[in-house]
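K.L.:
missing the sequence, but the structure's below:
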């Protein structure tokens, strides 16, 4: 099983698949005041020594009024 299968998977499912490993989670967001909408998905997976870094983003962003 490779880490590539995690790309575009919902973040909660990816963390569940990596339950036996240490995970660093980073969430991308646009500059300004926005709320994430939809599912938080894995955009990039990077193995680093003993941890796996997940870079995630929401399906859409909506500006705060």
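P.N.:
Okay, I see it. Note that the structure is a prediction, hence the values are computed from the model and not measured.

K.L.:
so which residue is smack in the middle of the chain?
P.N.:
By Cα atoms, centre = their mean, the chain has its centre lying nearest to residue 56, at 2.4 Å.

K.L.:
so what does the helix or strand it falls within touch, helix or strand wise?
P.N.:
Secondary structure assignment for residue 56, by DSSP states H and E: strand 51-63. In terms of contacts (3 or more Cβ pairs under 8 Å, 6 or more residues apart in numbering; DSSP states H and E), strand 51-63 is packed against helix 11-17, strand 22-27, strand 34-48. The way it works is simple: take the backbone N, C-alpha and C, and place the C-beta from them, glycine included.

K.L.:
which residues are contacting the second one?
P.N.:
Contact with strand 22-27 is made by 11, 15, 36, 40, 48, 50-57, as judged by Cβ atoms under 8 Å, 6 or more residues apart in numbering.

K.L.:
rewinding a little: does the residue nearest to the centre of the chain touch residue 43 like I think?
P.N.:
Yes: between residue 56 and residue 43 there is a contact at 6.1 Å, judged by Cβ atoms under 8 Å.

K.L.:
joint contacts of those two?
P.N.:
Joint contacts of residue 56 and residue 43 (Cβ under 8 Å, 6+ apart) are residue 28.

K.L.:
wait, what's in contact with residue 63?
P.N.:
The contact partners of residue 63, taken as Cβ under 8 Å, 6+ apart, are 32, 33, 34, 35.

K.L.:
farthest pair in these?
P.N.:
Pairwise distances across the contacts of residue 63 (Cβ to Cβ) peak at 10.9 Å, for the pair 32 and 35.

K.L.:
neighbour count for those two, which is higher?
P.N.:
More neighbours surround residue 35 than the other of residue 32 and residue 35, with 11 against 8 (other Cβ atoms under 10 Å).

K.L.:
find the nearest non-adjacent residue to the more buried one, please.
P.N.:
Nearest-residue entry for residue 35: residue 62, 5.2 Å, with adjacent residues in sequence omitted and distances by Cβ to Cβ, 6 or more residues apart in numbering.

K.L.:
contacting residues for the one you found?
P.N.:
34, 35, 37.
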